[in-house]
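S.K.: Just need the structure, nothing else, for what follows:
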Amino acid sequence: MDMPVIKALTDALGADAVISREDLAQRAVGYWNPNPTTARALVRPKTTEQVSQVLTICQQHQQPVITQGGNTGCVQGSEANPEEIILSLERMKSIEDIDVTGGTATVQAGITLEEVHNRMAQAGLLFPLDLGARGTCTIGGNVATNAGGINVLRYGMMRNLVLGLEAVLSDGTIVSSMNHMLKNNAGFDLKQLMIGTEGTLGVVTRVVLKLFPQPLSCHTALVAMDSFDNVVSLLTTLQRDLAGTLSAYEVMWQNYFYAVTGEGGHRAPMDREYPYYVVLECEGADPQADGERFERVLEKAFEDSVIVDAVIPKSETERRAIWDIRENFEPLLETQPAYVYDVSLPIRNMHDYIEQVTAGVERRWPGGRCYVLGHIADGNLHLFVKPGEQGDFHYQSDEEVYEPLTQYAGSVSAEHGIGKEKKQWLQHSRTAVEIELMKSLKNL
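M.R.: Residues are numbered from 1 along each chain as shown. The predicted structure follows:
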């Protein structure tokens, strides 16, 4: 703690705002890495102005900084090395304003997504971004990674849900673009420079969120299908016939559903041998009419043999149990190594792509498996590759997942970001010109 940069930070923010290297060893690196944190120090500012002070001091001392939110990212984007200082937003978690009439909320970047959900619901409003890490991930992290999740097909990515934001550049300059309007064409939309850039251009500190009325109805079902063509057919039918109320369409391949249910996993509400399972949900404003329409559409799909089995939860507990099958994949991670992927490609190419990846994994490792689920409607698939052998096979696994993706002009990152883990694969999804332009923006 006697290093000049640490002393300057302590003098500026107070001793309680700076956690030493030794004390950091009590913290895990993150959700995916239980090893002790090894950064030079962790700094916890309370305001945008204090974030500015931190970055000004660190630039003066040529001190590299890594920003952390909820630390649930999947691509090592918030992992620090021993020579870096962590800038944590954990003490910036206030809701500053809720405008019910305008449908906006102004929040600090360190607040968790779940807290935003709860506070907005109390005001009769909905912030629709939702993902499995909701209890830990933060709004700042959601902005920095342009988070997606389960409601993208209806409400869009985080980029669509941010009206304004405040950020601090690496030299401490505060850029405040706290717009509250849907329409504002007064020059460049500077907030979009920060969304999805993973902290490489600045640190997001405050955000103006776009809100919606709280739905009055919610209807959920778990359905099984015997072909991917039927998975696509049902999606098209629901988007057409549910009057715009479809908010989630989550597909699970049979091996994923089988792996996370049964003994030691979740209770399976139906047979575990169907080729495909879908969790679908619609939200609306007329409980009776919405419910009748929901059941009518599913009954027609069943009569047409698009659906071969279905379960409709009768309580919130049953609904949550169905969603846990989709969101809680802990049973898959009990044996290691397991490599997690997040790709996107056109829906029409998904079946062939998964067939190629699965064949490649099984060819490389006779006992290997590729487990698949995805949001589908927004082009997003999540894969878990398990070689079935002990060792470090991450690069070989990356090859099996990313190489077939190029022929479909897919993306190596649908929603998780690039971080450190995917930097070497970025060229598979972006041209050399695009990457140079990103570097130029960073240098600017």
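S.K.: in the sheet, who's paired with the closest residue to residue 358 other than its chain neighbours?
M.R.: Spatial nearest neighbour of residue 358, chain neighbours left out: residue 370 (4.7 Å); criterion: C-beta to C-beta, 6 or more residues apart in numbering. All C-beta atoms are positioned from the backbone trio N, CA, C, and that covers glycine. In this entry, residue 370 is beta-bridged to residue 385, by DSSP bridges.
S.K.: and residue 370, what is it in contact with?
M.R.: 255, 354, 357-358, 361-362, 383-386, 400 (C-beta atoms under 8 Å, 6 or more residues apart in numbering).
S.K.: Quick check: of those, which has the highest neighbour count?
M.R.: Highest neighbour count within the contacts of residue 370, by other C-beta atoms under 10 Å: residue 385, with 28 neighbours.
S.K.: So which residues of the stretch 1-150 of the chain form helices?
M.R.: Ranges of helices in the stretch 1-150 of the chain, per DSSP state H, counting those that start in this stretch, are 4-13, 21-24, 48-60, 113-122, 139-144.
S.K.: ok, the residue nearest to residue 39 when sequence neighbours are not counted to residue 41 distance?
M.R.: With C-beta to C-beta, 6+ apart as the criterion, residue 39 has its nearest non-adjacent residue at 3.9 Å, and that residue is residue 80. Distance, residue 80 to residue 41, by C-beta to C-beta, to the nearest Å: 10 Å.
S.K.: what is in contact with those two at once?
M.R.: Residues touching both residue 80 and residue 41 by C-beta under 8 Å, 6+ apart: residue 86.
S.K.: What is the nearest of the contacts of residue 370 to residue 178?
M.R.: Nearest to residue 178 among the contacts of residue 370 is residue 383, at 38.4 Å by C-beta to C-beta.
S.K.: Over to the closest one. Which of the three states is it?
M.R.: Three-state call for residue 383 (DSSP: H, G, I helix; E, B strand; the rest coil): strand.
S.K.: so what's it scoring on pLDDT?
M.R.: For residue 383, the model assigns a pLDDT of 98.
S.K.: same deal with residue 387?
M.R.: Looking at residue 387, its pLDDT is 96.
S.K.: What of the one 10 residues further on?
M.R.: Among the per-residue scores, residue 397 holds a pLDDT of 98.
S.K.: what about it, neighbour count?
M.R.: As a measure of burial, residue 397 has 26 neighbours, counting by other C-beta under 10 Å.
S.K.: One more: residue 351?
M.R.: Residue 351 sits with 14 neighbouring residues when counted by other C-beta under 10 Å.
S.K.: now the strands for the stretch 301-444 of the chain?
M.R.: 309-311, 339-344, 369-374, 380-386 (DSSP state E, counting those that start in this stretch).
S.K.: where's the residue nearest to residue 39 relative to residue 37, distance?
M.R.: Using C-beta to C-beta, residue 80 is found at 7 Å from residue 37.
S.K.: got it, and residue 223?
M.R.: Counting by C-beta to C-beta - residue 223 and residue 37 are separated by 43 Å.
S.K.: one step back: I'd like the contacts of residue 370 as JSON lines, with distance to residue 171 appended.
M.R.: As requested, these are exported to JSON lines (distance: C-beta to C-beta, whole Å):
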{"residue": "255", "distance to residue 171": "50"}
{"residue": "354", "distance to residue 171": "46"}
{"residue": "357", "distance to residue 171": "44"}
{"residue": "358", "distance to residue 171": "48"}
{"residue": "361", "distance to residue 171": "46"}
{"residue": "362", "distance to residue 171": "51"}
{"residue": "383", "distance to residue 171": "40"}
{"residue": "384", "distance to residue 171": "41"}
{"residue": "385", "distance to residue 171": "41"}
{"residue": "386", "distance to residue 171": "45"}
{"residue": "400", "distance to residue 171": "42"}
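S.K.: Pick the one among those residues closest to residue 167.
M.R.: Among those, residue 383 lies closest to residue 167 (C-beta to C-beta), at 32.6 Å.
S.K.: CA atoms of stretch 299-306 as CSV?
M.R.: Output of stretch 299-306 as CSV, limited to C-alpha atoms (Å, rounded to 0.1, in the frame of the first residue of the first chain):
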residue,chain,number,x,y,z
GLU,A,299,-53.8,-26.7,-29.2
LYS,A,300,-53.6,-26.0,-32.9
ALA,A,301,-49.9,-26.7,-33.0
PHE,A,302,-50.6,-30.0,-31.2
GLU,A,303,-53.3,-31.0,-33.6
ASP,A,304,-50.9,-30.3,-36.5
SER,A,305,-48.2,-32.5,-34.9
VAL,A,306,-45.8,-29.5,-34.6
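S.K.: buried residues in that stretch?
M.R.: Neighbour-count burial for stretch 299-306 flags 301, 306 (criterion: 16 or more other C-beta atoms under 10 Å).
S.K.: Show me where the stretch 151-300 of the chain has its strands.
M.R.: Using DSSP E, counting those that start in this stretch, strands in the stretch 151-300 of the chain cover 162-168, 174-177, 203-210, 212-213, 217-225, 246-253, 276-284.
S.K.: Let me know which of those strands is the nearest to residue 315.
M.R.: For residue 315, the closest of those is strand 217-225, at 10.7 Å, according to C-beta to C-beta.
S.K.: Between strand 276-284 and that closest one, find me the angle.
M.R.: Counting by axes from the mean of the first three to the mean of the last three C-alpha atoms, to 10 degrees, strand 217-225 lies at 160 degrees to strand 276-284.
S.K.: What strands line up against strand 217-225, and which way round?
M.R.: Checking strand 217-225 against DSSP bridges gives partners strand 276-284 (antiparallel), strand 309-311 (antiparallel).
S.K.: just how off-centre is that strand within its chain?
M.R.: For strand 217-225, the separation from the chain centroid amounts to 22 Å (computed by C-alpha atoms, centre = their mean, to the nearest Å).
S.K.: do the same with stretch 12-22
M.R.: Put simply, stretch 12-22 sits 30 Å off its chain's centre (C-alpha atoms, centre = their mean).
S.K.: quick one: buried residues of it?
M.R.: For stretch 12-22, by 16+ other C-beta under 10 Å, it's 12-13, 17-19, 21.
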